[in-house]
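Asks: model this:
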Amino acid sequence: MKRVVLLAVMFSALTLAVVLAAGSKGLAQNDRVTDPRVKLGLQMAPVPLNLTGRDRNLVGLGSYIVNAQAGCNDCHTNPPFEEGGDPFLGQPKQVNAEAYLRGGVAFGPFVSRNLRPDASGRPAGLSLQEFLLVMHTGADLKHIPPAVPSPQVDLLQVMPWPVYGMMIDDDLRAVYEYLSALPQ
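Replies: Prediction:
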């Protein structure tokens, strides 16, 4: 009897150790709760987010990537900072929340796109698959040449998609989820 109890205790301990080890490696969806980037990302979002029905962890990580790493505001917000809030002028940083990620920055003949969700709730009007395609390949899905019978598309000329295209899909999905949580 003691042997059976001892084996049951050992089995339970081993099972618990395996579960804890798997969780610490980020194998479960909710393990990002302890990721400090998620908390910081949710705190630094310059506009109120719609978290209803969304994975809070993905949205927070996406915000961290967009706002602390990728510099999306610099090109997709016009102007990027509020009057008196331009850190490049030594002022305390204040992102232009009204124009945040709505596009409109001119780069010669090119103008940055609005990344906010459209009426259907899709960032820049793109599905997740289209967003991944754009980020990985630079395909300009808004300007597909109509007379070209092949899948050839124009390439985005200003966006640094060759850099962002090297990001893993999980991180790009987090960016997409964050953009989806922005107000229209």
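Asks: Please report the distance of residue 119 from residue 39.
Replies: Distance of residue 119 to residue 39, given as C-beta to C-beta, to the nearest Å: 31 Å. Where you see a C-beta, it was placed from the backbone N, CA and C, and this is true even at glycine.
Asks: who's more crowded, these two?
Replies: Higher neighbour count among residue 119 and residue 39: residue 39, with 15 against 7, using other C-beta atoms under 10 Å.
Asks: Point me to the helix or strand that includes that one.
Replies: Following DSSP states H and E, one finds residue 39 within helix 36-44.
Asks: Give me the residues contacting the helix or strand that that helix is followed by.
Replies: For helix 36-44, the following helix or strand on the C-terminal side (DSSP H and E) is helix 56-64. Contact with helix 56-64 is made by 29-30, 32-33, 35, 37-42, 44-45, 49, 51, 171, 173-179, 181, as judged by C-beta atoms under 8 Å, 6 or more residues apart in numbering.
Asks: Go ahead and build a ChimeraX selection from the buried members of those residues.
Replies: Buried residues among those (16 or more other C-beta atoms under 10 Å), as a ChimeraX selection:
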select :32,37,38,41,42,45,49,171,173,174,175,176,177,178,179,181
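Asks: quick one, strands of this protein?
Replies: Taking DSSP state E as the criterion, the chain carries its strands at 106-107, 110-111.
Asks: Just name the most buried of those strands.
Replies: Each of the strands of the chain was scored by mean neighbour count; the highest is strand 110-111, a mean of 13, by mean count of other C-beta atoms under 10 Å.
Asks: Now do that strand: everything it contacts.
Replies: Under the contact criterion C-beta under 8 Å, 6+ apart, strand 110-111 has outside partners 103-105, 157-158.
Asks: Mean pLDDT and distance to residue 69 for the strands of the chain - can I get that in CSV?
Replies: Compiled in CSV, the strands of the chain are given as follows (pLDDT from 0 to 100; distance: least, C-beta to C-beta, whole Å):
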stretch, mean pLDDT, distance to residue 69
strand 106-107, 93, 21
strand 110-111, 90, 23
